[in-house]
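Visitor: Sequence first, then the predicted structure, then my questions.
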Amino acid sequence: MVSQGMVSLTKSLCITTPRIRLKNPKMIHNLKTGSSHHLRVLCTKMSQWEPSPFIRSSAQEAGNIVLEKTSNVFDSIVSESAEEEQTTTNSHQQAQVFKWPIWLLGPSVLLTSGMAPTLWLPLSSVFVGSNVVSVLSLIGLDCIFNLGATLFLLMADSCARPKDPSLSCKSKPPFSYKFWNVFALLTGFLVPTLLLFGSQTGLLGSLQPELPFISSAVLLLPYFILLAVQTLTEILTWSWQSPVWLVTPVVYEAYRVLQLMRGLKLSAEVNAPVWVVHMIRGLVSWWVLILGMQLMRVAWFAGYTSRTTATNQQPESSVTSK
């Protein structure tokens with residue numbers, strides 16, 4: 001009986017030979033080439049007396065694997081970042097090249113649409129008398145200027161934006177600037193309106209004789225329309241936080257001076273009273289004064305920007321020196 005038990009035990013041990021599954025198929029090649037790497041073996045079926053395999057790998061081999069993987073990861077990250085920087089630089093250079101013609105195209109559009117018709121177009125071809133046709137012709141000239149000014153401001157906005165499109169450009173004018181601009185626009189609107197209303201109603205006896213409606217429309221209706229367009233444009237630049245908020249009033253006020261000078265020439269054609277001529281001269285003086293203040297604001301803003309840049313560079317230079 002004892003011998004039969006030993007025989008059955010021997011048979012069971014021979015039958016339960018463990019089956020081996022390699023976790024990595026490359027290990028077979030290592031076995032064939034005689035590599036000294038340790039193999040990780042998983043036994044799917046083992047005898048109950050055999051302990052579970054415990055595979056030890058050397059710390060040096062593990063460190064080599066980690067270092068190799070880490071170096072590859074860093075190399076890939078550095079290469080990817082270098083490629084992204086190169087791509088970004090190329091795109092910025094291309095965008096800057098496309099912006100170069102705008103520096104000449106924008107002022108050319110402003111000159112062609114605004115100054116050329118006013119300076120070289122004879123008034124006799126536009127003004128045919130104190131009638132509706134003359135009013136519409138003068139408004140058409142100002143509409144051409146408004147289109148050119150809009151294109152100019154859009155081009156100036158694109159040039160003022162940063163080279164990197166991912167950077168946000170939010171330029172907010174100060175409250176004092178908004179206040180004085182609104183004050184100048186309201187003054188330029190209310191003064192001629194009150195004078196015309198006083199002459200029509202007889203409240204101001206010194207403003208006689210009164211100016212007919214068609215004649216007043218020829219002289220001042222394009223002026224009022226341009227004031228409304230400037231107000232709307234400035235409000236949009238403030239709400240959009242566009243960098244051209246400092247240039248917008250300069251563009252419109254320079255043309256307004258030419259517009260009022262044209263009104264002085266037309267005052268003789270419509271036989272305007274003396275007080276109307278003095279009123280237009282006063283408006284010309286007012287807007288020349290406002291235009292000078294705007295130019296001083298531009299100079300102040302340039303100085304403020306340079307001071308801010310110098311202040312920001314001083315801490316950086318002190319840190320690098322330390």
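Guide: Everything's here; your move.
Visitor: Need the pLDDT of Leu204.
Guide: Listed pLDDT for Leu204 reads 73.
Visitor: which SS state does it fall under?
Guide: Secondary structure, DSSP: H, G, I helix; E, B strand; the rest coil: Leu204 is coil.
Visitor: list the contacts for it?
Guide: 195, 198 (Cβ atoms under 8 Å, 6 or more residues apart in numbering). Any C-beta I mention is one placed from the backbone N, CA and C, and that applies to glycine too.
Visitor: hmm, try it at 7 Å
Guide: For Leu204, the contact set (Cβ atoms under 7 Å, 6 or more residues apart in numbering) comprises Gly198.
Visitor: now swap in Leu219 and tell me
Guide: By Cβ under 7 Å, 6+ apart, the neighbours of Leu219 are 263, 266-267, 270, 272, 276, 280.
Visitor: Export those as JSON lines, with columns for distance to Gln241 and secondary structure.
Guide: Putting the contacts of Leu219 into JSON lines (distance: Cβ to Cβ, whole Å; DSSP: H, G, I helix; E, B strand; the rest coil) gives the following:
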{"residue": "Gly263", "distance to Gln241": "35", "secondary structure": "helix"}
{"residue": "Leu266", "distance to Gln241": "39", "secondary structure": "helix"}
{"residue": "Ser267", "distance to Gln241": "41", "secondary structure": "helix"}
{"residue": "Val270", "distance to Gln241": "43", "secondary structure": "coil"}
{"residue": "Ala272", "distance to Gln241": "43", "secondary structure": "coil"}
{"residue": "Val276", "distance to Gln241": "41", "secondary structure": "helix"}
{"residue": "Ile280", "distance to Gln241": "36", "secondary structure": "helix"}
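Visitor: Tell me the one of those nearest Val247?
Guide: Gly263 (24.9 Å; Cβ to Cβ).
Visitor: isn't the closest one right up against Ile280?
Guide: Yes. Contact criterion Cβ atoms under 7 Å: Gly263 and Ile280 qualify, at 5.2 Å.
Visitor: Low-confidence ranges, the stretch 1-150 of the chain, go.
Guide: Counting by pLDDT under 70, the ranges of the stretch 1-150 of the chain that qualify are 1-99.
Visitor: if you set the cut-off to 90 instead, what comes out?
Guide: For the stretch 1-150 of the chain, the stretches with pLDDT under 90 are 1-134, 137.
Visitor: What of the stretch 151-300 of the chain?
Guide: 157-174, 176, 196-213, 240-243, 268-271, 297-300.
Visitor: Helices of that one, start to end?
Guide: Using DSSP state H, counting those that start in this stretch, the helices found in the stretch 151-300 of the chain span residues 175-201, 213-240, 248-269, 274-321.
Visitor: among these, which is the most enclosed?
Guide: Neighbour counts (mean count of other Cβ atoms under 10 Å) averaged over each of the helices of the stretch 151-300 of the chain peak at helix 248-269, with a mean of 19.
Visitor: same for that one, what does it pack against?
Guide: Contacts defined by 3 or more Cβ pairs under 7 Å, 6 or more residues apart in numbering; DSSP states H and E place helix 248-269 against helix 132-160, helix 213-240, helix 274-321.
Visitor: Dump the C-alpha coordinates for that helix into PDB.
Guide: The C-alpha coordinates for helix 248-269 follow below in PDB (Å, rounded to 0.1, in the frame of the first residue of the first chain):
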ATOM      1  CA  THR A 248     -10.000 108.400 -33.200                       C
ATOM      2  CA  PRO A 249     -10.800 112.000 -32.100                       C
ATOM      3  CA  VAL A 250      -7.700 113.300 -33.900                       C
ATOM      4  CA  VAL A 251      -8.900 111.900 -37.200                       C
ATOM      5  CA  TYR A 252     -12.400 113.300 -37.000                       C
ATOM      6  CA  GLU A 253     -11.500 116.700 -35.500                       C
ATOM      7  CA  ALA A 254      -8.900 117.300 -38.200                       C
ATOM      8  CA  TYR A 255     -11.500 116.700 -40.900                       C
ATOM      9  CA  ARG A 256     -14.000 118.800 -38.900                       C
ATOM     10  CA  VAL A 257     -11.800 121.900 -39.200                       C
ATOM     11  CA  LEU A 258     -11.700 121.400 -43.000                       C
ATOM     12  CA  GLN A 259     -15.500 120.900 -43.000                       C
ATOM     13  CA  LEU A 260     -16.100 124.200 -41.200                       C
ATOM     14  CA  MET A 261     -13.700 126.000 -43.500                       C
ATOM     15  CA  ARG A 262     -15.700 124.700 -46.300                       C
ATOM     16  CA  GLY A 263     -18.800 126.100 -44.500                       C
ATOM     17  CA  LEU A 264     -17.200 129.500 -44.400                       C
ATOM     18  CA  LYS A 265     -16.800 129.500 -48.200                       C
ATOM     19  CA  LEU A 266     -20.400 128.400 -48.600                       C
ATOM     20  CA  SER A 267     -21.700 131.100 -46.300                       C
ATOM     21  CA  ALA A 268     -21.000 133.700 -49.000                       C
ATOM     22  CA  GLU A 269     -22.900 131.500 -51.500                       C
END
